[in-house]
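K.L.:
Quick one: sequence and predicted model below, then my questions.
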Number of protein chains: 2
Amino acid sequence: VAAPREQQQRHFRIGELAERSGVSVATIKFYIREGLLPPAPVKTGRTMGYYDQAYLERLVAIRKLRDEHYLPLRVIRAVLEERGDAPLAREDAEMLARVAPRVLERLDPDRPKPASRAELAARFGVDETDLALFEEIGLLGGASGWSDADLELLSALARAEQAGVTRDRFPAVGIGHYVELLGELARREVRTFMHATRGVPQAELEELALRAIAVSEPIIALVRRKLILRALREELHRTKEEP
Amino acid sequence: VAAPREQQQRHFRIGELAERSGVSVATIKFYIREGLLPPAPVKTGRTMGYYDQAYLERLVAIRKLRDEHYLPLRVIRAVLEERGDAPLAREDAEMLARVAPRVLERLDPDRPKPASRAELAARFGVDETDLALFEEIGLLGGASGWSDADLELLSALARAEQAGVTRDRFPAVGIGHYVELLGELARREVRTFMHATRGVPQAELEELALRAIAVSEPIIALVRRKLILRALREELHRTKEEP
């Protein structure tokens, strides 16, 4: 997402950059030496210059990766490279245009006869309002009806309900977090995949994409468990610190 | 994460707020009426006032939820309520302090005899450098050795390797994305869970927490598949738009 034009044209001295980002001038210079940040975009001398809003945002992103996620610098550098709204390289875009339609079709195959929302709500014990919300945020359904993947998701939600994770207790906000953060993860995974598989023949790429999605599911589940443990430890630690 | 003090003390007029956030003045006023944003923190008249950095950040968060994630306003409101670095309410903090230690113990139970990094690397066909990186970012291991959860994660990574998602092709950056975004998800899930289960007796809460983690795993996998499809469609769409 581009910042509004007015904002992009603001420029800061390194001291103001430090103040706004919460990163010391010495550390900014260290990041520049290490290649995590480019030199000042607007040079006014050999070691002087002006920094812009995009630079500030990149610096804040580095600070967060360091402080909140404890990532080592070499991982931060790689994370930053994978991000960004730069368009895909031409070779990646061409490959994507050839492979994506087949992957889309195989991951979310032909939709069965349309069922009404009321029928699905009754069959899976889901509230019709919730169904409407899930459709609205693009998690369920589509112009041509309901796919097998939709029905699988409804089953999984019904099992959660039976296990006591009830929709009257757990608000739709939980799903909002999933859409926001797993959506960002999915965007980065698609990009990482396209970069990682350069040179793989098209015939293999489709199978590899489907296998990669499948084998990463248990990894995601296990990593999330670890991170829930970390979040619990952090909350416990905070709880102890407060009076 | 608190902004540095200098930044928190900056105040903006509504026009500057609009300019910096990329949201129009009319829309900001609409959000205030709808209760997504509080009125101006510093009032200088009935309809005039100054807005601070925290306000700007909340507004930018709303804009992103709206533009990037297509969330309806009522979901955005709920998402914003679950976020924030505000400490847990006293009742939630007290319950967490009682329940978390048992959940931690059951989710990541007793660690077996320490194995050397070299032994594990050989057993799971993982690079020792990768093992060291995973330890460094807190995904594997700990002071007292390796737990069953660690060995499960190593197995899942080994299966990915066999399926062609090889570590020589896919860089550690993929794991960095998981740690960043699933870590943020885990933090929000812990908070949502504490809010959602107020009034549940302690004896039930521990079981409910473990069940909630288990039943949400297939939901996460299915939602992520949907969002990979969305990301693929978006990349295809972008690819077509470019010359």
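P.N.:
Thanks, I have it.
K.L.:
Please identify the nearest residue in space to the residue nearest the centre of chain A, excluding sequence neighbours.
P.N.:
Nearest residue to the geometric centre of chain A (Cα atoms, centre = their mean): A:E184, 1.9 Å. Excluding the flanking residues, the one nearest A:E184 by Cβ to Cβ, 6 or more residues apart in numbering or on different chains is B:L181, at 5.7 Å. In this view, the C-beta of every residue, glycine as well, is placed from N, C-alpha and C.
K.L.:
what's the longest strand in chain A?
P.N.:
Across chain A, the longest stretch assigned as strand under DSSP state E is strand A:49-52.
K.L.:
Which stretches in chain A count as helices?
P.N.:
Ranges of helices in chain A, per DSSP state H, are A:5-8, A:14-21, A:25-34, A:53-69, A:73-82, A:90-107, A:117-124, A:128-136, A:148-162, A:173-196, A:202-241.
K.L.:
The third one packs against which elements?
P.N.:
For helix A:25-34, the elements it packs on are helix A:14-21, helix A:53-69, judged by 3 or more Cβ pairs under 8 Å, 6 or more residues apart in numbering or on different chains; DSSP states H and E.
K.L.:
change it to 7 Å
P.N.:
Counting contacts by 3 or more Cβ pairs under 7 Å, 6 or more residues apart in numbering or on different chains; DSSP states H and E, helix A:25-34 is packed against helix A:14-21.
K.L.:
How about the last one?
P.N.:
Applying 3+ Cβ pairs under 7 Å, 6+ apart, one finds that helix A:202-241 contacts helix A:90-107, helix B:90-107, helix B:148-162, helix B:173-196, helix B:202-241.
K.L.:
Apply 8 Å and report the result again.
P.N.:
Here helix A:202-241 touches helix A:90-107, helix A:173-196, helix B:90-107, helix B:148-162, helix B:173-196, helix B:202-241, going by 3+ Cβ pairs under 8 Å, 6+ apart.
K.L.:
Let me have the helices of chain A in TSV, adding mean pLDDT and distance to B:R20 as columns.
P.N.:
Shown next, in TSV, are the helices of chain A (pLDDT from 0 to 100; distance: least, Cβ to Cβ, whole Å):
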stretch	mean pLDDT	distance to B:R20
helix A:5-8	40	6
helix A:14-21	90	12
helix A:25-34	85	22
helix A:53-69	80	9
helix A:73-82	71	23
helix A:90-107	88	33
helix A:117-124	89	41
helix A:128-136	81	29
helix A:148-162	90	38
helix A:173-196	84	22
helix A:202-241	89	31
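K.L.:
Identify, out of these, the most deeply packed stretch.
P.N.:
The highest mean neighbour count among these, using mean count of other Cβ atoms under 10 Å in any protein chain shown, belongs to helix A:173-196: a mean of 22.
K.L.:
Pull out the CA atoms of that one and give them to me as PDB.
P.N.:
Extracted C-alpha coordinates of helix A:173-196, given in PDB (Å, rounded to 0.1, in the frame of the first residue of the first chain):
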ATOM      1  CA  VAL A 173     -13.100 -11.400  15.700                       C
ATOM      2  CA  GLY A 174     -11.100 -14.600  16.000                       C
ATOM      3  CA  ILE A 175     -11.800 -15.300  12.400                       C
ATOM      4  CA  GLY A 176     -10.900 -11.700  11.600                       C
ATOM      5  CA  HIS A 177      -7.500 -12.200  13.000                       C
ATOM      6  CA  TYR A 178      -7.100 -15.400  10.900                       C
ATOM      7  CA  VAL A 179      -8.100 -13.500   7.700                       C
ATOM      8  CA  GLU A 180      -5.800 -10.600   8.500                       C
ATOM      9  CA  LEU A 181      -2.600 -12.500   9.500                       C
ATOM     10  CA  LEU A 182      -3.000 -15.700   7.500                       C
ATOM     11  CA  GLY A 183      -3.900 -13.500   4.500                       C
ATOM     12  CA  GLU A 184      -0.600 -11.700   4.900                       C
ATOM     13  CA  LEU A 185       1.200 -15.000   5.400                       C
ATOM     14  CA  ALA A 186      -0.400 -16.500   2.200                       C
ATOM     15  CA  ARG A 187       0.700 -13.400   0.100                       C
ATOM     16  CA  ARG A 188       4.300 -13.900   1.300                       C
ATOM     17  CA  GLU A 189       4.200 -17.600   0.800                       C
ATOM     18  CA  VAL A 190       3.100 -17.200  -2.800                       C
ATOM     19  CA  ARG A 191       6.000 -14.800  -3.400                       C
ATOM     20  CA  THR A 192       8.600 -17.000  -1.600                       C
ATOM     21  CA  PHE A 193       7.400 -20.000  -3.500                       C
ATOM     22  CA  MET A 194       7.800 -18.200  -6.900                       C
ATOM     23  CA  HIS A 195      11.300 -17.000  -6.000                       C
ATOM     24  CA  ALA A 196      12.300 -20.400  -4.600                       C
END
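K.L.:
so A:R117 touches A:A132, yeah?
P.N.:
Yes. With contact taken as Cβ atoms under 8 Å, A:R117 and A:A132 are classed as touching, separated by 6.9 Å.
K.L.:
just checking, A:L56 touches A:R20?
P.N.:
Yes. Counting by Cβ under 8 Å, A:L56 touches A:R20, with 5.9 Å between them.
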